[in-house]
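Visitor: Let me see the structure of the following:
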Amino acid sequence: MSPTQMQTLAKDPVWQALIQAQANTPRISDPTFLLSAEDFSSLNELSKTIELLTMQPSAACRFPARKRYIERQLTISLSNFSMSDCVGYTEFSTLAPADKIYLVYTSENLTQASSMMGHVMLKIEGTNNKANAVSHAVSFFTELDSINAAKILWESLFIGKQSFFKVSPYQEHIDQYLNAEQRNVWEYQLDFNPEQLQLIHAHLWELKNATIPYFFHTYNCATLTQLLLAIGQPTMSPEPNAWVTPLDVVKSAQANKLISTTTVIAANKWKIRMLQDAHSLRNNPIPDPKIDSRNLANLASRHAESQFLSLKLLESFYLYQLQNGAIDRTTFNDNKGILKAFGQDQNLEQFDIDLSAYKQPIAAPNDSQFSVGMRQIDSENWFQIHYMPASRRLEDDNRQFFSESALELSSLSLLVSAQNTKIELEEWSLYAMRSLVPYEPFTGGVSSQLRIGVQQHVNPYLQRALALDIYSGIGLAVKLSHDLLLYSQMNVGLGFSEGHGYIYTRPEVGLMFYQIFDMKTLVSFSITDNQRQGDQVIKSLALTHSIYTQQNISLHGTFEKKWTNLNEQQSFGLYFKYLY
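Guide: From the prediction side, this is the model:
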């Protein structure tokens, strides 16, 4: 083979994906996986791989994908070694075949805002050596094994956490996500040809013993999954050091026309809320969860569509109760039988529910954003710059998610004076989350908030100063209508500024509503006590109005008034946001 052939193949994005490299930078440094770990280049790795497979033919059992790819691309035979002699790889191929590959997206957790970005993995499906249909999950993850949030963030952002790469029975994952965590699952069948399927499948074996550090922002479940898919579709290879999210992988697969079919597997808590929304949209009363003759008679008096929605709501509720141990199997079976008989009596089998159009990850806005604009604080004018590499905010369009929520990871907000060269750090959020889960009678619902970072705190004279800040809260949200949400929350913060530490409180109430023409308004009122050890409470009234001009472009106007017995301050802002 010529040097030109070698150089061309070394630069090939499929080869880069097979060695888990981006722009000639390896993501795995384990020498059992990366032969050129001490002197890496994709060309060096290619040369050492060819040398190893030629001098030690049985090494093909470690690198079946590399052997297959090199021989096909260079039209050579590296050795006469038969892959059937690889006992472990042959067993893996027959027990966990990949006749089909699915991209699997698991939704955000309804009540845990720390899981709001969801999860992504692969599902491989085929017929095993016993002629049985089998499916396995291909998942990459880490464990949050400490209550020390600062330690977890430091490890996952800077030094790398221990990771787990597993190929395991798919049903175990489905049961965990649907039943234990009540998270929806979307399965996207991918349109790969047999050769691409074989190459991806063989690469899974190559990764099985590699030590792979997990970085939340640069090498997570989404990064690895997208690199696996790039083996079959090179244009899916992520940008070097890009913060890839689960949603990014799904959208990339769609953009590359890889998705052939979509299946939604709905969790019961999600179905309960979806069916209650359906009742609300049709102005139908929510059925009583008790099953007795009076309630069934009330249900029978409704029109057929309302009966069907109510029946499905009750079925989902009782299954949800069974999964959570609220009722036993006997009670569940009794209720299920009564509801089934009612449906047959009322001839409700003619109806069905299409879940695919209710909440769609692909239709959600992108989850990295950059905004620029102007802000006036009293009489002083500022340029405002806000960068969030992986996040969403309450002001964003959250209609494709389960609840109104916010998640900010390493987001940065700067103010640049329009009068001089002064630059001020307004806020840096290492981690911030907020979830406003509407309370409903079937499953409850608690709202929560947590923020860790640096932001501007004010004293009773409303003078600003940077403060280290840990802030959390809990509260209740209620849906007054389909597009109107009222919430209240009690928040407590720990701040450190100008050499002093302090604990402060901030009760808050707010209203959030969507309007026609893709608009949304947030209004909130809060009272802050003891911030910067001040002896005056700080009252704040804030309003944000958002216009979603396109799916990933929006315009936002803000107003905030703060006041104490000693001073008051007003600020106005207008900024343009791009989500990518």
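Visitor: I'd say Arg62 and Glu206 touch.
Guide: Yes: Arg62 is within contact range of Glu206, at 6.9 Å (criterion: Cβ atoms under 8 Å). Quick note: C-beta positions are derived from backbone N, CA and C, even for glycine.
Visitor: Assign the residue positioned nearest the centre of the chain to helix, strand or coil.
Guide: Centre of the chain computed as the mean C-alpha position; nearest residue by Cα atoms, centre = their mean is Met117, 1.7 Å away. With DSSP: H, G, I helix; E, B strand; the rest coil as the basis, Met117 sits in coil.
Visitor: ok, Arg62 and Glu206, which is more surrounded?
Guide: For Arg62 versus Glu206, the count of surrounding residues by other Cβ atoms under 10 Å is larger for Arg62: 21 against 18.
Visitor: In contact with the more buried one, which residues are there?
Guide: Neighbour list for Arg62: Glu206 [criterion: Cβ atoms under 8 Å, 6 or more residues apart in numbering].
Visitor: In this protein, which strand is the longest?
Guide: strand 464-481 (DSSP state E).
Visitor: Please spell out which residues along whichever helix or strand comes after that one are buried.
Guide: Using DSSP states H and E, the helix or strand that follows strand 464-481 in sequence is strand 484-497. Residues Leu485, Leu486, Tyr487, Gln489, Asn491, Gly493, Gly495, Ser497 are the ones in strand 484-497 that count as buried (16 or more other Cβ atoms under 10 Å).
Visitor: Looking at these, spot the one nearest Ser524.
Guide: Closest approach between the buried residues of strand 484-497 and Ser524, by Cβ to Cβ: Tyr487, at 8.7 Å.
Visitor: isn't that closest one right up against Ile474?
Guide: No: using Cβ under 8 Å as the test, Tyr487 is too far from Ile474 to be in contact (11.2 Å).
Visitor: Report the set of residues contacting both of these two.
Guide: With Cβ under 8 Å, 6+ apart as the test, Tyr487 and Ile474 both reach Ser447.
Visitor: ok, now which ones touch Ile291?
Guide: Per Cβ under 8 Å, 6+ apart, neighbours of Ile291: Leu314, Asn335, Ile338, Leu339.
Visitor: per-residue pLDDT, it?
Guide: We have a pLDDT of 88 for Ile291.
Visitor: did I read that right, it in a helix?
Guide: No: using three-state DSSP, the secondary structure at Ile291 is coil, not a helix.
Visitor: Who are the contact partners of the closest residue to the residue nearest to the centre of the chain other than its chain neighbours?
Guide: Among residues not flanking Met117 along the chain, Thr245 sits closest, at 5.5 Å (Cβ to Cβ, 6 or more residues apart in numbering). Shown in contact with Thr245 (Cβ under 8 Å, 6+ apart): Met117, Gly118, Ala222, Asp367, Ser368, Ala390.
Visitor: Isn't the second one up against Glu108?
Guide: Yes: the pair Gly118 and Glu108 qualifies as a contact (Cβ under 8 Å) at a distance of 5.2 Å.
Visitor: Mind listing the shared neighbours of these two?
Guide: In the contact map built from Cβ under 8 Å, 6+ apart, the residues linked to both Gly118 and Glu108 are Arg183.
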